[in-house]
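A.B. asks: sequence first, predicted model second:
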Amino acid sequence: MAKPARSRAAAAKSGADTENSAENSSASAETPFALAEPPENDFALRSLQEAHGADRRYKASDEELLTFYEQMLLIRRFEERAGQLYGLGLIGGFCHLYIGQEAVAVGLQSALDNGKDSVVTSYRDHGHMLAYGIDPRVIMAELTGRHSGISKGKGGSMHMFSVDHRFYGGHGIVGAQVPIGAGLAFAHKYRKDGGVCVAYFGDGAANQGQVYETFNMASLWKLPIILVVENNGYAMGTAVRRGSAETEFYRRGTAFRIPGMDVDGMDVLEVRQAAEIALDFVRKGNGPVLMELNTYRYRGHSMSDPAKYRSREEVQEMREKHDPIEGARKELIARGIPEDRLRDIDKAIRAQVAEAADFAENSPEPELAELYTDVLVERY
């Protein structure tokens with residue numbers, strides 16, 4: 001049986017509230033902004049999913065869809081080249097490719113305001129930077145550890161960073177970027193700059209404890225944050241159904257009164273439409289949203305992963321029936337965009353990626369003295 005709703009006025013009449021009213025008043029005076037009020041019912045937890053279900057796909061113009069197609073294709077070709085450079089030994093350490101998941105970053109970040117919104121993600125970060133419009137040359141240079149890289153060659157594949165673009169990593173510790181995202185969202189709210197933080201994490205990271213601490217704080221303080229689970233089905237190499245009791249990740253915010261959205265992450269127009277709904281909700285001061293983007297990575301967890309935990313037939317089926325780039329291409333052709341134009345786009349992107357690789361290979365490595373820069377922000 002459901003518990004009856006109880007208003008704050010009724011709660012204030014209780015003896016416990018009477019005894020603690022002075023203490024609570026003092027505590028609230030020290031809070032920089034009001035805490036969340038419990039809703040009278042759970043409608044808010046379902047409303048965004050219902051809104052998304054009523055109108056799933058963004059009404060993109062031909063030029064908008066062409067832009068999405070170009071951005072996804074740039075990520076695909078860039079990652080393919082990064083895989084080649086890794087095989088040649090020009091990229092060291094770990095390298096996690098974004099091939100197959102392109103629609104997630106492009107669909108979400110095309111809806112952001114690059115001048116005020118912020119992004120934080122995990123170590124699978126190249127695609128997010130490209131979707132944010134960052135020069136592929138400085139990203140490739142960072143991958144190869146060159147001084148001209150976006151983090152001066154000190155971040156590499158997993159730890160890229162750009163304050164100018166409000167991109168705050170690239171984090172190698174599983175789930176650690178989620179509380180950092182809450183901190184960025186807190187800063188947006190504290191400064192009243194109107195910004196929203198998008199914090200990406202994977203289905204494997206979704207079982208980390210700090211993720212749920214973040215859910216609680218973000219909801220309690222109504223932080224402007226969109227929590228994005230990129231559910232590619234396998235974490236590091238374990239199928240979701242084997243490692244998660246609740247496999248519908250968008251439901252996981254329910255205990256913290258965070259509304260969830262279940263989104264097809266292989267359809268860039270569905271992702272963009274969901275982003276519009278989530279951003280509207282968050283920008284109005286309603287607090288966080290949890291989005292589950294159901295996607296698929298074609299390669300292993302990293303370049304060193306042979307991905308023997310799934311069949312070739314499964315990967316081939318996803319490529320043939322659900323590929324986000326091929327889906328956008330078919331829609332463009334159906335709209336009357338000539339195939340010759342799409343081939344020209346592919347040719348231009350291949351040339352752009354080749355130029356980025358040449359730039360990286362011909363750039364100098366960092367000087368030894370660079371080890372001692374960017375260690376502390378200021379003196380303590």
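C.D. replies: Ah, there it is. Residues are numbered from 1 along each chain as shown.

A.B. asks: OK, contacts around Pro306?
C.D. replies: Residues in contact with Pro306 (C-beta atoms under 8 Å, 6 or more residues apart in numbering) are Gly300. C-beta: built from backbone N, CA, C; applies to glycine.

A.B. asks: show me where the stretch 151-300 of the chain has strands.
C.D. replies: 197-202, 225-231, 260-264, 289-294 (DSSP state E, counting those that start in this stretch).

A.B. asks: give me whichever of the ones you listed is most buried.
C.D. replies: Counting by mean count of other C-beta atoms under 10 Å, strand 225-231 has the highest mean neighbour count of the strands of the stretch 151-300 of the chain, with a mean of 29.

A.B. asks: strands paired with it, and their directions?
C.D. replies: strand 197-202 (parallel), strand 289-294 (parallel) (DSSP bridges).

A.B. asks: any regions of the stretch 1-150 of the chain where pLDDT drops low?
C.D. replies: By pLDDT under 70, the weakly predicted segments of the stretch 1-150 of the chain are 1-44.

A.B. asks: picking that back up, out of the strands paired with strand 225-231, which comes closest to Ala360?
C.D. replies: Counting by C-beta to C-beta, Ala360 lies closest to strand 197-202 out of the strands paired with strand 225-231; the figure is 24.7 Å.

A.B. asks: just the C-alpha atoms of that closest one, please, in CSV.
C.D. replies: Provided in CSV are the C-alpha atoms of strand 197-202 (Å, rounded to 0.1, in the frame of the first residue of the first chain):
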residue,chain,number,x,y,z
CYS,A,197,26.9,19.8,-17.2
VAL,A,198,26.6,16.6,-19.2
ALA,A,199,28.4,13.7,-17.4
TYR,A,200,28.8,10.5,-19.4
PHE,A,201,29.5,7.1,-17.9
GLY,A,202,29.2,3.5,-19.0
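
A.B. asks: pLDDT of it, averaged?
C.D. replies: If you average the pLDDT over strand 197-202, you get 97.

A.B. asks: which residues touch it?
C.D. replies: Counting by C-beta under 8 Å, 6+ apart, 104, 108-109, 112, 117-122, 124, 128, 174-175, 177-178, 180-182, 184-185, 188, 211, 223-232, 235 sit against strand 197-202.

A.B. asks: again, but for stretch 128-140
C.D. replies: 71, 74-75, 78, 81-82, 85, 98, 105-106, 108-110, 114, 119, 121, 126, 148-150, 160, 162, 165, 167, 200, 352-353, 355-357, 359-360.

A.B. asks: any chance you could map the helices in the stretch 51-200 of the chain?
C.D. replies: For the stretch 51-200 of the chain, applying DSSP state H, counting those that start in this stretch gives helices covering 62-87, 102-109, 126-131, 136-143, 177-191.

A.B. asks: please save the CA atoms from the shortest one in CSV.
C.D. replies: Listed next in CSV are the C-alpha coordinates belonging to helix 126-131 (Å, rounded to 0.1, in the frame of the first residue of the first chain):
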residue,chain,number,x,y,z
HIS,A,126,38.0,11.1,-28.4
GLY,A,127,34.6,11.1,-29.9
HIS,A,128,33.2,13.6,-27.4
MET,A,129,35.9,16.1,-28.1
LEU,A,130,35.4,15.8,-31.9
ALA,A,131,31.6,16.2,-31.4
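
A.B. asks: narrow the contacts of stretch 128-140 to just the buried residues.
C.D. replies: 71, 74-75, 78, 81-82, 85, 98, 105-106, 108-110, 119, 121, 126, 148-150, 160, 162, 167, 200, 352-353, 356-357, 359-360 (16 or more other C-beta atoms under 10 Å).

A.B. asks: tally of neighbours for the residue lying closest to Gly204 once chain neighbours are set aside?
C.D. replies: Nearest residue to Gly204 in three dimensions, chain neighbours excluded: Ala235, at 2.8 Å (C-beta to C-beta, 6 or more residues apart in numbering). Ala235 has 20 neighbouring residues, counting by other C-beta atoms under 10 Å.

A.B. asks: same check on Ala131?
C.D. replies: 25.

A.B. asks: and Asp374, which of the three is it?
C.D. replies: coil (DSSP: H, G, I helix; E, B strand; the rest coil).
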